[in-house]
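*Asks:* Need a 3D model of the sequence below.
(one chain, ligands or ions: 1)
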Amino acid sequence: MPTSFNFFGSAMSEARYAILIAGLITLFVIYRSVRRSSAIRQIKCPPSPSWLFGNMQQLLLPPYGRYEFDWQKTYGPIYRVKGCFGQDRLMISDPVALQYILNSPQFKIGPGLLNLAVVVYGKGSMICVDNEQDHKRIRTALNIGFTAGAIRNYIPIFEKAAQMISEQLEDSSSVPTNVSPILSHATLGTMSGAALGYSLDDLGEEFISNNIQIMGLAGARSPMSLLADAISSRMPTFLARAVIHLPTPTFKAVRRAQHLADELGSRVIREKKTAVRQGLEVDTNIYGRLLQPRHESTTTKHTITESEIVAQTAIIMVAGQDTTANTTCFALLELARAPDFQEKLRAEIHATMGSVRTSGAAYDSMPLLNALIKETLRLYPAEAITERVAVEDALIPLSDGITTSKGKLISHLPVRKGQIVNLGIASYQRLESRWGDDAHEFKPSRWLDGEAVKGEAVGPYANLLSFLGGPRTCLGWRFAVLEMQVFLCELVSKFSFALPAEGAPRTSFAGTLQPTMPNGQKGALVLVERVI
Ligand code: HEM
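*Replies:* Predicted coordinates for the structure are as follows:
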């Protein structure tokens, strides 16, 4: 049967070709990874416990920072770590190098972070938009809701949410209370109010329960998840993104979250457009304001399409939720450890608040409050490590020269296209050369004593990189700072916070830095007592 013979014959030769092509691709991948790592092979590296995990378990599994901060002491602000499957990654906490990477078109969001962002926020969300002009246009449009002036309008929303947190804490006198879910719920509510003009109830039960599930999933990191991340970051983009369609409970919840966010965004836009047609006021929240120019038929280069607005719903709702909630939890935990500072802060708040309560200026005028927020952001940056990849060969400038393992002093770090770079934000914020010998201590007074930091400014706020820097700086940083100011004022003015006997909380890093309870679950247990 010639046909079938031919079929098998051609199938055999196709198989040979496939093996040959697979072999060539493998050789090419090996050549590229050898060529890439040859540029940095002389950068010092801590011993790697295994080829499979490299240093990733040490770096990323709890408690966070156990190895990383020692490595920084031993190897300095530039060193190499091993990723899973023998990959070479750079760890960078040198401020000049960080500034360069964040502002240079030679670096983009790394594949691991991008895949995660596509899964959590959707591929149309601004963080995933690859074209810099489109990214800038979308950011500029959304920024109308995040300027210093715009965020002052949200103070009543923040204050109402803060009072709701207080009401929930009322009944918890002397019982260890996990403030983490309470704060996470509150930060979801403020974003919903500010962006969409919706209350938490308006979001609907399904949205809320799915959000709780997603926040829980985001809190977990295990050896298996490290391997899964490493594999997906090496897959072709289309395949890595197709993973979301796998029929597992996690991906089902994530798919549902994206669907619900899109549905929510579309619903809000429909309602706002109807309101605009009816001549009603819609510009008090971000989505309303985004639709306003359309109503006035204004087309500017900053115009954002309706589908682009819808595609931002997931990131707008979620990016500021646990980041802000966890940072506030860390601030409360640090206050619980420092009763004297807590007492002074309470006195400052009582002396300042009152008739001037709803003014942004009042919140900015409290030195202790703002020192607490800055110090919390310094030691607990939500995105403790972020990832970038070199899209072309680059020469990264350094603050001070570094000595390679061969004893050579270099002032610039050469990297090849494709090199993965971990930006050590938490490490940068503990650099002794920049923050002083007490860089590892929680010490709000450093912000009151004059110069908290030595060296050039980085980042949008307080010389910190907690909100990153450059064109991809956190869109909501002013929102987050004001929200924390309002929440902390309300809570510290009404309650005292102490640590329960269960023991000191740990810190883990799973997408965001989070407080972890003694049972290993995400959460911040504190003893809360009403003071007025
Ligand atoms: C303490 C609170 C927060 C922290 C520490 C924080 C931190 C960050 C960081 C480090 C990034 C950069 C991620 C990267 O490219 O590697 C980022 C991006 C972003 N954040 Fe925040 N964030 C916070 C609160 C918020 C809030 C309240 C919003 C409100 C919408 C928000 C919205 C965004 C958005 C939209 C991006 C993507 C920006 C872009 O790619 O252009 N964040 N955030």
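*Asks:* check contacts around whichever residue of the stretch 351-500 of the chain sits closest to the ligand.
*Replies:* Among all residues of the stretch 351-500 of the chain, residue 476 sits closest to the ligand, at 2.1 Å; criterion: CB to the nearest ligand atom. (Each C-beta comes from the backbone N, C-alpha and C, glycine too.) Contacts for residue 476 (CB atoms under 8 Å, 6 or more residues apart in numbering) come out as 146, 319, 320.
*Asks:* Also near the ligand: which of these, exactly?
*Replies:* 319, 320 (CB under 6 Å from any ligand atom).
*Asks:* Near the ligand, which residues of the stretch 201-350 of the chain are found?
*Replies:* Residues of the stretch 201-350 of the chain lying near the ligand (CB under 6 Å from any ligand atom): 315, 316, 319, 320, 323, 324, 327.
*Asks:* Contact partners for the fourth one?
*Replies:* Taking CB under 8 Å, 6+ apart, we find residue 320 in contact with 187, 191, 476, 479, 480, 483.
*Asks:* Take these and keep only those in helices.
*Replies:* Among the contacts of residue 320, the members falling in helices are 187, 191, 479, 480, 483 (criterion: DSSP state H).
*Asks:* just checking, the fourth one touches residue 474?
*Replies:* In this case it means residue 480. Yes: with contact defined as CB atoms under 8 Å, residue 480 and residue 474 form a contacting pair (7.4 Å).
*Asks:* picking up where we left off before, filter the contacts of residue 320 down to the buried ones and hand me the ChimeraX line.
*Replies:* The buried subset of the contacts of residue 320, as determined by 16 or more other CB atoms under 10 Å, is captured in ChimeraX by this line:
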select :187,191,476,479,480,483
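*Asks:* returning to that earlier point: need the residues touching each of residue 480 and residue 474.
*Replies:* Jointly contacting residue 480 and residue 474 under the rule CB under 8 Å, 6+ apart are residue 467.
*Asks:* The longest strand anywhere in the chain packs against which elements?
*Replies:* Secondary structure of the chain per DSSP state E: the longest strand is strand 394-403. Packed against strand 394-403 by the contact rule (3 or more CB pairs under 8 Å, 6 or more residues apart in numbering; DSSP states H and E) you find helix 95-103, strand 409-415.
*Asks:* How far does it sit from its chain's centre?
*Replies:* For strand 394-403, the separation from the chain centroid amounts to 26 Å (computed by CA atoms, centre = their mean, to the nearest Å).
*Asks:* tell me the angle that strand makes with strand 409-415.
*Replies:* 150 degrees (axes from the mean of the first three to the mean of the last three CA atoms, to 10 degrees).
*Asks:* mind listing what's buried in strand 394-403?
*Replies:* So, applying 16+ other CB under 10 Å, buried residues of strand 394-403: 394, 396, 398, 399, 402.
*Asks:* residue contacts, the third one?
*Replies:* So that's residue 398. 78, 94, 96, 97, 410, 411, 412, 413.
*Asks:* Are any of these buried, and if so which?
*Replies:* Here, 16+ other CB under 10 Å leaves 78, 94, 96, 97, 413 buried among the contacts of residue 398.
*Asks:* Identify the spatial nearest neighbour of the second one, chain neighbours not counted.
*Replies:* Beyond its immediate neighbours in the sequence, the residue positioned closest to residue 94 (CB to CB, 6 or more residues apart in numbering) is residue 77, lying 3.9 Å away.
*Asks:* need the contact list for that neighbour.
*Replies:* Contacts of residue 77 (CB under 8 Å, 6+ apart): 92, 93, 94, 97, 399, 424, 427, 428, 431, 433.
*Asks:* ok, now residue 82?
*Replies:* 45, 48, 54, 55, 56, 88, 89.
*Asks:* could you redo the last one with a cut-off of 10 Å?
*Replies:* Neighbouring residues of residue 82 by CB atoms under 10 Å, 6 or more residues apart in numbering: 45-51, 53-56, 58-59, 88-89.
*Asks:* Next: residue 367.
*Replies:* Here residue 367 is in contact with 345, 348, 444, 447, 448 (CB under 10 Å, 6+ apart).
*Asks:* Show me these that map onto helices.
*Replies:* 345, 348.
*Asks:* Weed out the non-buried ones from the contacts of residue 367.
*Replies:* Looks like the contacts of residue 367 have 345, 348, 444, 447 buried, using 16+ other CB under 10 Å.
*Asks:* Out of the residues of the stretch 201-350 of the chain next to the ligand, which sit inside helices?
*Replies:* 315, 316, 323, 324, 327.
*Asks:* who in the stretch 1-150 of the chain is up against the ligand?
*Replies:* So the stretch 1-150 of the chain meets the ligand at 109, 113, 126, 127, 139 (CB under 6 Å from any ligand atom).
*Asks:* If you rank the residues you listed by neighbours, which is first?
*Replies:* Highest neighbour count within these: residue 126, with 24 neighbours (other CB atoms under 10 Å).
*Asks:* Give me the phi and psi for that one.
*Replies:* phi -60, psi -30 (degrees, to the nearest 10).
*Asks:* Tell me, what's the model's pLDDT at it?
*Replies:* As summarised for this prediction, residue 126 has a pLDDT of 97.
*Asks:* next one: residue 337
*Replies:* Per-residue confidence at residue 337 stands at 95 (pLDDT).
*Asks:* same question, residue 501
*Replies:* Value for residue 501, per-residue pLDDT: 86.
*Asks:* how close does it sit to residue 194?
*Replies:* 39 Å (CB to CB, to the nearest Å).
*Asks:* Mind checking which of the two has more residues around it?
*Replies:* residue 194 (26 against 8).
*Asks:* Now do stretch 444-464: distance to the chain's middle.
*Replies:* 21 Å.
*Asks:* nearest to the ligand, of the contacts of residue 476?
*Replies:* residue 320 (2.3 Å).
*Asks:* If you drop the residues flanking it in sequence, what lies closest to that closest one?
*Replies:* residue 476 (4.5 Å).
*Asks:* how about stretch 192-202: buried residues?
*Replies:* 192, 193, 194, 195, 196, 197, 198, 200.
*Asks:* Quick check: end-to-end length of it?
*Replies:* 9 Å (CA to CA, to the nearest Å).
*Asks:* Can you tell me the number of residues neighbouring residue 315?
*Replies:* Residue 315: 22 neighbours (other CB under 10 Å).
*Asks:* where's it relative to residue 338, distance?
*Replies:* According to CB to CB, residue 315 and residue 338 sit 35 Å apart.
*Asks:* can you pull the buried residues of stretch 132-146?
*Replies:* 135, 137, 138, 139, 141, 142, 144, 145, 146.
*Asks:* what mean pLDDT would you report for it?
*Replies:* On average, stretch 132-146 scores 95.
*Asks:* just stretch 399-417 next, same as before
*Replies:* 93.
*Asks:* tell me the contacts of the residue nearest to residue 286 when sequence neighbours are not counted?
*Replies:* Excluding the flanking residues, the one nearest residue 286 by CB to CB, 6+ apart is residue 145, at 3.2 Å. Applying CB under 10 Å, 6+ apart, we find residue 145 in contact with 151, 153-154, 194-195, 285-290, 316, 475-476, 479.
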